[in-house]
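Engineer: Just a sequence and a predicted model for now, questions to come.
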Amino acid sequence: MKQNFTVRQGALDGVEVFLSVARHRSFRQAAAELGVTPSAVSQTVRVLEARIGATLFIRTTRSVGLTEAGERFLAHAKPAFDELVAASEVARGFGQRPTGLLRLSVPRAVVPILLEPLIASFCAAYPEVEVEIAASKELIDLAAQGFDAGIRLGQFVDADMVAIPLTPPLRLIVVGSPAYLAARGLPAHTDELRQHACLRWRRSGGALALWSFNDQGRTIEIAVAGPLIANDFPTMLGAAIEGMGLAQLPEPLAAEGLRARKLMQVLEPFAPVIPGVFLYYPDRRQMMPKLRAFIDHVKSRAAADGKAADTQ
């Protein structure tokens, strides 16, 4: 059962007016500084005195002075109010220009192949922003854990998030080392995976991921078996290069191994296309400039890469 409570309101009401009168020792000059009428200043001070329960000013027709209570109140209120103003200025700075700490939750696999060049160019463009990268396989609650945005494969991004593509759709490919394939043979059909050692991936929720394929436009999923279970793609990639078995990986992650002939692709006609890598973040009406700057930078880099690809 909820208990009734009252939120204290007005604790700072009238403090700025009090400080202005105390500084000028004049209601009229305080009114001019604040852009209000002297009667409004007088009324505000009376309300403040009533709320505090003590007279703060000694008023005569010729001068305005502070009572002992007023002197004590001034001694405590002025530094506190100055701190509040300073805090407001700092917060306003965060709201007006890209600055501060930008926290990103990302899978470890995307850091070297995607994020490092992107972050390097962003930090050069926005030197007042510090970027923190938390590499993790876990799908976390961005808001609850204090992250500004995350990066994940499209199929793992919740529907209530705003998602911006960092890459075009990509293929999931099956790869193995030349030594492994020389010893075990090249599978020509997905049915032959039963005779192969397959490196498996455990999702963050605990389930073992099935291998997905495109069989003439029809999606099929296969439960495979093998000597190793990993919880991230880089571990599976390293195991495949070492000849432990076949691995199904996003194509960009295996690209370097293929170029270096440390890996060979098999079952190419069955490779499915999946959504690419996305930057995602909660839908916020008032987005901090640091995140807006990063999103704009992502979009401009994607547009530049697209133009470069068109000219090749």
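Structural biologist: Now that the structure is in, tell me what you want to look at.

Engineer: can you pull the contacts of Arg203?
Structural biologist: Ala209 (C-beta atoms under 8 Å, 6 or more residues apart in numbering). No exception for glycine: its C-beta is placed from N, CA and C like everyone else's.

Engineer: what's the spacing between it and Gly185?
Structural biologist: Using C-beta to C-beta, to the nearest Å, we find Arg203 at a distance of 30 Å from Gly185.

Engineer: can you check Lys299 too?
Structural biologist: Taking C-beta to C-beta, one finds Lys299 at 46 Å from Gly185.

Engineer: again with Gln195
Structural biologist: From Gln195 to Gly185 the distance is 8 Å (C-beta to C-beta).

Engineer: quick one, which of those two is more surrounded?
Structural biologist: Taking other C-beta atoms under 10 Å, Gln195 and Gly185 do not tie; Gly185 has more neighbours (12 against 9).

Engineer: separation between that one and Thr235?
Structural biologist: Gly185 is 25 Å from Thr235, by C-beta to C-beta.

Engineer: For Ala54, give me its contacts.
Structural biologist: 67, 69-70, 73.

Engineer: just checking, it is part of a helix?
Structural biologist: No: counting by DSSP: H, G, I helix; E, B strand; the rest coil, Ala54 is not part of a helix but coil.

Engineer: Would you map the strands across the stretch 101-250 of the chain?
Structural biologist: Using DSSP state E, counting those that start in this stretch, the strands found in the stretch 101-250 of the chain span residues 129-135, 149-153, 161-165, 170-176, 198-201, 211-215, 218-222, 229-230, 246-250.

Engineer: and Arg261, which of those strands is closest to it?
Structural biologist: Closest of the strands of the stretch 101-250 of the chain to Arg261 is strand 170-176, at 11.5 Å (criterion: C-beta to C-beta).

Engineer: Could you list every helix and strand that that closest one packs against?
Structural biologist: strand 246-250, helix 251-259, strand 264-266, strand 273-274 (3 or more C-beta pairs under 8 Å, 6 or more residues apart in numbering; DSSP states H and E).

Engineer: between that strand and strand 246-250, how many degrees?
Structural biologist: 160 degrees (axes from the mean of the first three to the mean of the last three C-alpha atoms, to 10 degrees).

Engineer: Strand 170-176: partners in the sheet, and parallel or antiparallel?
Structural biologist: The strands beside strand 170-176 in its sheet (DSSP bridges) come out as strand 246-250 (antiparallel), strand 264-266 (antiparallel), strand 273-274 (antiparallel).

Engineer: hang on, isn't Ser63 packed against Arg25?
Structural biologist: Yes: counting by C-beta atoms under 8 Å, Arg25 is a contact partner of Ser63 at 6.8 Å.

Engineer: Between those two, which has more neighbouring residues?
Structural biologist: Legend: neighbour count by other C-beta under 10 Å for Ser63 and Arg25, higher for Arg25 (13 against 9).

Engineer: so how far is Arg202 from the more buried one?
Structural biologist: Counting by C-beta to C-beta, the gap from Arg25 to Arg202 is 73 Å.

Engineer: Please apply the same query to Gln195.
Structural biologist: From Gln195 over to Arg202 (counting by C-beta to C-beta), the distance is 23 Å.

Engineer: again with Met244
Structural biologist: 16 Å.

Engineer: cool, and Tyr280?
Structural biologist: 22 Å.

Engineer: one step back: distance to Ile295, mean pLDDT and mean neighbour count added to the helices and strands packed on strand 170-176, as CSV?
Structural biologist: Listed next are the helices and strands packed on strand 170-176 as CSV, based on distance: least, C-beta to C-beta, whole Å; pLDDT from 0 to 100; neighbours: other C-beta atoms under 10 Å:
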stretch, distance to Ile295, mean pLDDT, mean neighbour count
strand 246-250, 23, 96, 26
helix 251-259, 21, 93, 17
strand 264-266, 34, 97, 18
strand 273-274, 23, 92, 14
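
Engineer: want to try a markdown table for these, with distance to Leu139 as columns?
Structural biologist: Shown next, in a markdown table, are the helices and strands packed on strand 170-176 (distance: least, C-beta to C-beta, whole Å):
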| stretch | distance to Leu139 |
| --- | --- |
| strand 246-250 | 17 |
| helix 251-259 | 18 |
| strand 264-266 | 28 |
| strand 273-274 | 16 |
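
Engineer: Nearest to Ala125, out of the ones you listed?
Structural biologist: Closest to Ala125 of the helices and strands packed on strand 170-176 is helix 251-259 (C-beta to C-beta; 23.9 Å).

Engineer: now the angle between strand 170-176 and that closest one, please.
Structural biologist: Going by the same axes, to 10 degrees, helix 251-259 makes 40 degrees with strand 170-176.

Engineer: Can you spell out which helices and strands pack onto helix 251-259?
Structural biologist: Counting by 3+ C-beta pairs under 8 Å, 6+ apart, helix 251-259 packs on strand 170-176, helix 233-241, strand 264-266.
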